[in-house]
Each structure stands twice: as C-alpha cells, then as structure tokens.
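>>> Below are the sequence and a predicted model for it; my questions follow.
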Amino acid sequence: MKIKMILPALTEAKSPYWRPVKYSLFPPLGLATLAAYCSPDDDIELQDEHVEELQIHDSPDLVIIQVYITNAFRSYRLADHYRSKGVYVCLGGLHVSSLPDEALPHADSIFIGPGEDTFPEFLKDFKNRTPKKVYVNAKRTIADIPPIRRDLIKRQLYLVPNSIVVSRGCPHHCDFCYKDAFFEGGKSFYTQQVDAALAEIDRLPGRHLYFLDDHLLGNQKFATGLFEGMKGMNRVFQGASTLDAILRGNLIEKAAEAGLRSVFIGFETLSTVNLSQTNKKQNLGKDYREAINRLHSLGIMINGSFVFGLDDDDKYVFERTVEWAVENALTTCTFHILTPYPGTRLYKTMEQQNRILHHNWDQYDTRQVVYKTVGLHAEELKEGYDRAYKSFYSWKNIYRASMQHDSLKYPLKHFTYAGGWKKFEPLWNFIIKTKGLNNMLLILEAILSKVNNRSNNRSVSPFPAIA
Ligand code: SF4
C-alpha cells in the first residue's frame, strides 16, 4: 500500500513573521510514530511542508494529514484535493480533536485524541474495507509503542533531528492550554516505560537531544528512572518543565547530572491575579527567583514563556516583563498574545462573554489579537508584544542578561546562544538553503556543554564593554 503522510505548513510560515529556522527545528515525530504501525511492506512517504515543497500530483492509496489550528484551512484544501482524486484521506491532530465537526466534511476518517491505539485499529479496518468515519482514542497508553520510523525523517533538513517524546500530555490544566481538548475523555498525562525511552535515546546518533514533552519532570518516578538511566550516556539535552517541579525535591539536580542544559518554563505572567484567573495553580505562590537561581547554579539555561493580554495586564506589562527577564538572566524568551484556542476553558469563557472576535484560525497564531481585550486596547497589545520581542533581543539586553551570571564561561554561553538564535537570520537562511542545518548541531552541542556557575570572579568580563 502507498501511504502519504503530510504536515502542512502553518499559516505563519508564509507570513512576515516567518523565521525559516524556527520551523526547521523539529521533524514531524507524531506522523513518524504512526508510521511505525504500518506494515513493513507499505511504501510510506513523509512530507513536512515547513522544510520541503509539497508534491501533490501523486495518487497514493491513503493520505494522512496532521492538523494544527493555523494549518487547518491549508489541511482542508489538501484533503479536498486528494479526495477529489479518489484518494482516501484521514485527518487527525489537535485541531481535529477540538473541532471534529469542522474537519469531518474534508475527511474520510478522522482521529480524535492521540492516535496510538486508534490508528492501528483503523489500518486493520481499512485493509478489511470497513473503515469508520470517526475514531476516538480511549485506551491511552504508550507502554508498548513500536520504535518511531525515524528512517522516514529527512534528518539533514532539521536543526534538531534528535527530538524525542517520552510522555503524552501534562498533569496540569491551565485554562489557555490547547492540549486539554486533545486529551478530553481520558487520561491526560502518561509516559513510556523507562527502558523503552532509554532504548529510543540509545538509537539516536550524536550527543544532543531535545525532549518535546510538555512536562518532562511531570512524573517523578518516571523522570528519576530516565535521568538515572541517562547518566553516563554522555548526552546533552533540552526539555520543558513547570516551575513547581524545579523547586520540588532534587529531580532537577538529577536532570542536570543526566545532561539537561536548557529548560523551557511557562512563567506566563508576573501577576498573581492573572495566574489565578487562568488556573495556573502550579505557579501560584512559587518563588520564581528561587527556581531561576537553582537552574543557573546547575548550569541550566532558561527559555521563559510569557503570555500578554491576560485581563490583569496593563500597558506597562511589556516593559515590566522584559526588564524582569533580563534582570533574571533568562537566555531566551517566547512571548505570546493570549489566544483562546477552541476546546479550551479560556475559549468557553470568552465565548460566554461574547469576546471572541472571529474564527479565522489562520490568525490564531499567538501573534495577533483575536478576542476583545480588557485593561489594554488591542493595538496596545499588538504593539507591546512586538516591542517586547525587539527589546528583549536587542544586543544591549542580550548583553545585560548575559552579564547577570556569576561565572566567566556562563555569560559567553548565554550571549552566543541568544545572539546566535535571534541575530543571524540571513546566515540561518543561507544554511537552510544549502541544506547544512544539521551541521550546526556540533556547534549547538558545544554551546550546551557544562558550565559551573558561582565559581569565578564576576567582575571578569569575557566581553568588551557595550555602551
Ligand atoms: S503546564 Fe503547560 S502544558 Fe501543562 S497544562 Fe499548563 S500550559 Fe499546558
């Protein structure tokens, strides 16, 4: 059987905000995971429109499309195109799970929720010519998943081909989080077996790994086993955690020992009112600075995530947040405009309050205002968001944030990582065009090498002074 799996480009991939390197980071692991359930005799092609031109003049037996909110309309067009040629089309992913009725007219079968147990069932039905229109995930386990079909991934096209996911979901339920609709009606957080996760890591070449799990430290027992098992594997890795997990016990020390060198944290807001209103309980009453100091003392860089436009925000929130992030030496920041994704509690609340402005999903990219704001005007929000990015990634602030660290090597590492990521767009574009992205991995690994903070004289600067 000839099977085509497609990750269509997100709409922002064609917008002025498009940073090719940002969308050339990770291969489509979800599709490669599903591919593992197909027969070894199947002829599978996996295409990711973020890194390659889609070829759509073929006529495979089966097309499977992964749908996110900002590629939904594009996905539907592709699905309609293939169906008009008589090809059987399946749609799945976060957006399909939150709005199945919208997706249904464009598909022969849709998948609601994670596909690990429904996709094998569908394949059986399809071969028996009895496929169902809707498959709803119920079992929720990844204990026995087969090894991901990484052979289908064009590694050279990605900066981080060694991305890996060892769990599904997250134990928390923030009101704005898109994942809740995906996991509705069953377990919303579960992990692989530790041995299987370690075996998957072992199969990956090189040193660098990027865990794409929503919350790598979310299950203490699993994470402890994973980090114990990784000791001595000589890996460096990046991942995500909540703030409270960093402050609890000594799991973060174990992660650092296993090779954790940078962590993504959803700080979201500096306002406790906003935290309460969005059900971000795990951040409430937590000492952000204590968590930051702990991470820095372990040599772990921080990518802080912040949301602008929450109801307690005023027009000064942007400068306040950037200044705080710089003073606390966050290496990188991801800013978002609050976005009420369908299926979330935030969406339901805003809908009840008649605050949803439109359903043009192309604009639900967390860079545009799609709801009626409170406390600041929509234009202020958009301008402030743009200003925050510009200001945080100005050379001056990259330098200032770098110099907050205690050791000699840390500022250099911070400066190189933040500057390299944001300040050399033409170079990144050239590297992507010449298909050399994968060669940058050695540099990334070098930057992520271990540093010991608090060990040296802070007055010794590795940089010439910047005015
Ligand atoms: S902690 Fe993060 S992943 Fe978990 S529910 Fe909140 S926003 Fe979503």
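Good, I have the coordinates.

>>> Give me the distance between the residue nearest the centre of the chain and the ligand.
Closest residue to the average C-alpha location of the chain: residue 212 at 6.1 Å, with CA atoms, centre = their mean. Distance of residue 212 to the ligand, given as CB to the nearest ligand atom, to the nearest Å: 11 Å. No exception for glycine: its C-beta is placed from N, CA and C like everyone else's.

>>> ok, and the closest non-adjacent residue to the residue of the stretch 351-467 of the chain found nearest the ligand?
Across the stretch 351-467 of the chain, no residue is closer to the ligand than residue 366, which sits at 12.3 Å (CB to the nearest ligand atom). Nearest residue to residue 366 in three dimensions, chain neighbours excluded: residue 336, at 3.9 Å (CB to CB, 6 or more residues apart in numbering).

>>> what about that neighbour, which SS state?
Following DSSP: H, G, I helix; E, B strand; the rest coil, we place residue 336 in the strand state.

>>> Now do it: how many residues are near it, please.
Using other CB atoms under 10 Å, residue 336 has 17 other residues around it.

>>> again, but for residue 88
17.

>>> show me what contacts it?
By CB atoms under 8 Å, 6 or more residues apart in numbering, the residues touching residue 88 are 61, 62, 63, 108, 109, 126, 131.

>>> now swap in residue 196 and tell me
So residue 196 contacts 143, 145 (CB under 8 Å, 6+ apart).

>>> Recalculate using a threshold of 10 Å.
Listed by CB atoms under 10 Å, 6 or more residues apart in numbering, the contact set of residue 196 reads 142, 143, 144, 145, 146, 147, 166.

>>> Just put the residues you listed in JSON lines and tack on distance to residue 156, neighbour count and pLDDT.
Formatted as JSON lines, the contacts of residue 196 follow (distance: CB to CB, whole Å; neighbours: other CB atoms under 10 Å; pLDDT from 0 to 100):
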{"residue": "142", "distance to residue 156": "28", "neighbour count": "20", "pLDDT": "91"}
{"residue": "143", "distance to residue 156": "32", "neighbour count": "10", "pLDDT": "87"}
{"residue": "144", "distance to residue 156": "31", "neighbour count": "10", "pLDDT": "86"}
{"residue": "145", "distance to residue 156": "26", "neighbour count": "17", "pLDDT": "91"}
{"residue": "146", "distance to residue 156": "24", "neighbour count": "13", "pLDDT": "93"}
{"residue": "147", "distance to residue 156": "21", "neighbour count": "13", "pLDDT": "93"}
{"residue": "166", "distance to residue 156": "24", "neighbour count": "23", "pLDDT": "97"}
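
>>> can I get those residues in a markdown table with distance to the ligand and secondary structure?
As requested, the contacts of residue 196 are exported to a markdown table (distance: CB to the nearest ligand atom, whole Å; DSSP: H, G, I helix; E, B strand; the rest coil):
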| residue | distance to the ligand | secondary structure |
| --- | --- | --- |
| 142 | 17 | coil |
| 143 | 21 | coil |
| 144 | 25 | coil |
| 145 | 21 | coil |
| 146 | 26 | coil |
| 147 | 26 | coil |
| 166 | 15 | coil |
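
>>> wait, which of those residues is closest to residue 245?
For these, the closest approach to residue 245 (CB to CB) belongs to residue 166, at 15.2 Å.

>>> What separation is there between that closest one and residue 323?
36 Å (CB to CB, to the nearest Å).

>>> helices or strands next to the lowest-mean-pLDDT helix or strand in the chain in the packing?
Within the chain, no helix or strand scores below helix 425-433, which has a mean of 75 by mean pLDDT, DSSP states H and E. With contacts taken as 3 or more CB pairs under 10 Å, 6 or more residues apart in numbering; DSSP states H and E, helix 425-433 sits against helix 409-422.

>>> tell me the average confidence for the helix it packs on?
Average pLDDT, helix 409-422: 82.

>>> now the helix or strand encompassing residue 122: mean pLDDT?
Element membership for residue 122 (DSSP states H and E) is helix 118-127. Rounded to a whole number, the mean pLDDT of helix 118-127 is 96.

>>> Send me that helix as CSV with only the CA atoms.
These are the backbone C-alpha positions of helix 118-127, laid out as CSV (Å, rounded to 0.1, in the frame of the first residue of the first chain):
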residue,chain,number,x,y,z
THR,A,118,-6.9,4.2,17.1
PHE,A,119,-4.5,4.2,14.1
PRO,A,120,-3.7,0.5,14.2
GLU,A,121,-7.4,-0.2,14.6
PHE,A,122,-8.1,2.0,11.5
LEU,A,123,-5.3,0.3,9.5
LYS,A,124,-7.0,-3.1,10.2
ASP,A,125,-10.4,-1.7,9.2
PHE,A,126,-9.0,-0.1,6.1
LYS,A,127,-7.5,-3.3,4.9
